[in-house]
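S.K.: coordinates only, sequence not included:
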Ligand code: COA
């Protein structure tokens, strides 16, 4: 039997309960049992005059063990009744907090009679980010300490609050300087003082919920507003639980209300999807076959080639992380333009009050403009971000291969081109990989890291480690056309265009997809990204023989491009625009109709939202399965991270692979086969991936963390 993660020790006449469950002292079954046992031992020992609760390692309890929620027998009852018994003790109980007291950790601290925290501690109830609500009396105790308005705000956003804010709000009682040892000493000191004072313990559950300052009807309105956000049922559950805290005649009744609300959200598909993403995002950095302790290359100075929208955004992402950047352009005009854009971007952030002017200046000062490749000789990493042209990218790779110092990493920000060819052109392919940023690169979280055939594992590991430093979640992709995201987006756009030629309107296609919670459908998305950009990609792919032998394939985007309808920037694309407002575009509808005639595509007036969703999403899932089959992605959960972090797929749907699992893989296979029958399958558009078929037959999910 493994030793309990909880021990009860003594410091003179005070008992010290220590939790040691690395990495973050999460509360799994054995920790909760350990707490229950330790409390019983304390209760049985009258010689201990008070109890201090503290944690080993980097943090106080950071919450319930999220993996434990998947257990069909999961219950909050044992932990909640432990908290009740803890708070009811008539000897003082003091929490010694450091790091992050989150979720069940803050709930533990709030059941103590006094909370001492080390400076720098942060506290929060982040359950909403998992589609959950605090289930261990957080919705009842936090409003008593911080007031219902603040509690609601904290729980609805999941935001962590800093030490000072928590102290001012009454969530913490005392801050102390120093280290973990000092906070424990301060807690012991406080425990002794409380014993000496001999007063009654201050129990949070016995405090009234301070409602005096609330506007009349505030909590009812909060509930109504939250209930309107039906895609996130946890929001309404939180609001109702807080209302119960303020209105229930007793703490026990509030507790019962919270328990009902918690169980109501625990098994929702939204929460399951968000929990899946929590682990999915933390797994992307684990690369099969790569030792965890592989020595990394240092990255302290970075170069960026190309100061366009992409290069500028990348330079900003790096500077935001405090990394000095040499930004190289070909001409003084282009360099000036790029710098102007960076400056304006920072100024806009300052104007919105999101950044102090002094900080913005420091970040701008980290970017050194240059017209000479030689200035890149000392950087540790250089990211090429010029436009998508193989000859140009190869030429730059060759120059970089000669100029940058040995051991420096050379990255290309291509979104579709063959990274292996670019690597070869550099003359040092082991140093090369792809870093595919998403626009705007200083904002979008996703980074696709493209592993070439010859990329040195240390180069890959170094860039994966750099990603969180620059605020990115990185997913590894093998080399293929479009990598993970754009390759899947291609089949999505293909079906969107066929549906338009068959008679659906852009608004209908977009509207149907938006029912899933995507912020924008495909037509709006391409109008914003630029029809020219989309069409050129198709045309370039055609030149390399990569398109199906189907003259109707993406015919509409190419025809719009030929007409100069480049989307929002020219005032017309799939839609026409008044300002930024998309309106129906009769020209595009007529164009789609004439293309349908030209290509023998039957027009219909019975296209339903269900058909649109199935025809856009299921081929994407099928393509994702092929990506897994080919080893382009390591795991289905990586694909979900690509789509949620980079393509606006809603977190409550968990990503396309998770959505397919939730709908049932057998159903997805059946629908693909159905469309193969009714639409024809001359070009293999509906051929089911063997992996998808196999998983459907086995009843194993596609969105697994490990395949
Ligand atoms: N349950 C289970 N595992 C957890 C966990 C939890 N509540 N919180 C963190 N972990 C795990 C992570 O999966 C990761 O595991 P890995 O190393 O095997 O990948 C490890 O702990 C470290 O977490 P990570 O997020 O990579 O570290 P960090 O230092 O960046 O952040 C936290 C630490 C605690 C701030 C962050 O992990 C967090 O926000 N956790 C969730 C807290 C939460 O939601 N609590 C309420 C649960 S109801």
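M.R.: Sure thing, it's come through. What you see is a predicted model; the values in this text were computed from it and never measured.

S.K.: what number of residues lie near residue 260?
M.R.: 13 (other CB atoms under 10 Å). C-beta here means a position set from N, CA and C on the backbone, and glycine is covered the same way.

S.K.: please apply the same query to residue 405.
M.R.: Residue 405, neighbours per other CB under 10 Å, totals 10.

S.K.: same deal with residue 611?
M.R.: Count around residue 611 with other CB under 10 Å applied: 20.

S.K.: pLDDT value on it, please?
M.R.: At residue 611, the model reports a pLDDT of 98.

S.K.: stretch 410-418: end-to-end distance?
M.R.: End-to-end distance of stretch 410-418 (CA to CA, to the nearest Å): 15 Å.

S.K.: and that stretch, how far from the chain's centre?
M.R.: How far stretch 410-418 lies from its chain's middle: 23 Å, per CA atoms, centre = their mean, to the nearest Å.

S.K.: okay, residue 439: pLDDT?
M.R.: Model confidence at residue 439 (pLDDT) stands at 88.

S.K.: stretch 75-93 vs the ligand: in contact?
M.R.: No: counting by CB under 6 Å from any ligand atom, the ligand is not contacted by stretch 75-93; separation bottoms out at 10.3 Å.

S.K.: buried set for that stretch?
M.R.: Buried residues in stretch 75-93, counted by 16 or more other CB atoms under 10 Å: 76, 79-80, 82-83, 86-87, 89, 91-93.

S.K.: got it, and stretch 531-550?
M.R.: 531-538, 541, 547.

S.K.: can you check stretch 279-288 too?
M.R.: Buried residues in stretch 279-288 (16+ other CB under 10 Å): 280-281, 283-285, 287.

S.K.: any residue of it touching the ligand?
M.R.: Yes: shown here: stretch 279-288 in contact with the ligand (CB under 6 Å from any ligand atom) through residue 282.

S.K.: tell me the average confidence for that stretch?
M.R.: pLDDT averaged over stretch 279-288 gives 94.

S.K.: rewinding a little: okay, and which of the buried residues of stretch 531-550 map to helices?
M.R.: 531-538, 541 (DSSP state H).

S.K.: dump the buried residues of stretch 531-550 into CSV; add pLDDT as well.
M.R.: Output for those, formatted as CSV (pLDDT from 0 to 100):
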residue, pLDDT
531, 95
532, 93
533, 88
534, 91
535, 94
536, 90
537, 88
538, 92
541, 87
547, 92
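
S.K.: tell me the residue of the stretch 301-450 of the chain that sits nearest the ligand?
M.R.: Proximity of the stretch 301-450 of the chain to the ligand (CB to the nearest ligand atom) peaks at residue 445, 14.2 Å away.

S.K.: what is the neighbour count of the closest residue to that residue other than its chain neighbours?
M.R.: Using CB to CB, 6 or more residues apart in numbering and skipping residues adjacent in sequence, the residue nearest residue 445 is residue 645, 4.4 Å away. Residues lying near residue 645 (other CB under 10 Å) number 26.

S.K.: and residue 13, by the same measure?
M.R.: When neighbours are counted by other CB under 10 Å, residue 13 comes out with 12.

S.K.: please renumber the chain so that the first residue is 768 from this point on.
M.R.: I'll keep to 768 as the first residue from here, and by that count the last item is residue 780.

S.K.: next up, the contacts around it.
M.R.: 814-817, 959, 962 (CB atoms under 8 Å, 6 or more residues apart in numbering).

S.K.: got the residues of the stretch 868-1017 of the chain near the ligand?
M.R.: 869-870, 893-894, 897.

S.K.: want to throw the buried residues of stretch 842-860 into CSV with secondary structure and pLDDT?
M.R.: Formatted as CSV, the buried residues of stretch 842-860 follow (DSSP: H, G, I helix; E, B strand; the rest coil; pLDDT from 0 to 100):
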residue, secondary structure, pLDDT
843, coil, 95
846, helix, 97
847, helix, 98
849, helix, 98
850, helix, 98
853, helix, 98
854, helix, 98
856, coil, 98
858, coil, 98
859, coil, 98
860, strand, 98
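
S.K.: what is the nearest of those residues to residue 1034?
M.R.: Minimum separation from residue 1034 among those (CB to CB) is found for residue 843, which lies at 13.6 Å.

S.K.: if you drop the residues flanking it in sequence, what lies closest to the closest one?
M.R.: residue 902 (4.5 Å).

S.K.: residues touching the one you found, list them.
M.R.: 831, 843, 847, 894, 1025-1026, 1029, 1033.

S.K.: closest residue of the stretch 1168-1317 of the chain to the ligand?
M.R.: Closest residue of the stretch 1168-1317 of the chain to the ligand, CB to the nearest ligand atom: residue 1235 (7.7 Å).

S.K.: checking that residue next. Helix, strand or coil?
M.R.: Secondary structure, DSSP: H, G, I helix; E, B strand; the rest coil: residue 1235 is helix.

S.K.: now for the helix or strand that contains the residue nearest to residue 1212, which elements pack on it?
M.R.: Following DSSP states H and E, one finds residue 1412 within helix 1403-1413. If you count contacts as 3 or more CB pairs under 8 Å, 6 or more residues apart in numbering; DSSP states H and E, helix 1403-1413 packs onto helix 1036-1050, strand 1213-1217, strand 1240-1244, helix 1252-1269, helix 1376-1396, helix 1423-1430.

S.K.: you'd agree residue 1279 is in a helix?
M.R.: Yes: assessed with three-state DSSP, residue 1279 lies in a helix.
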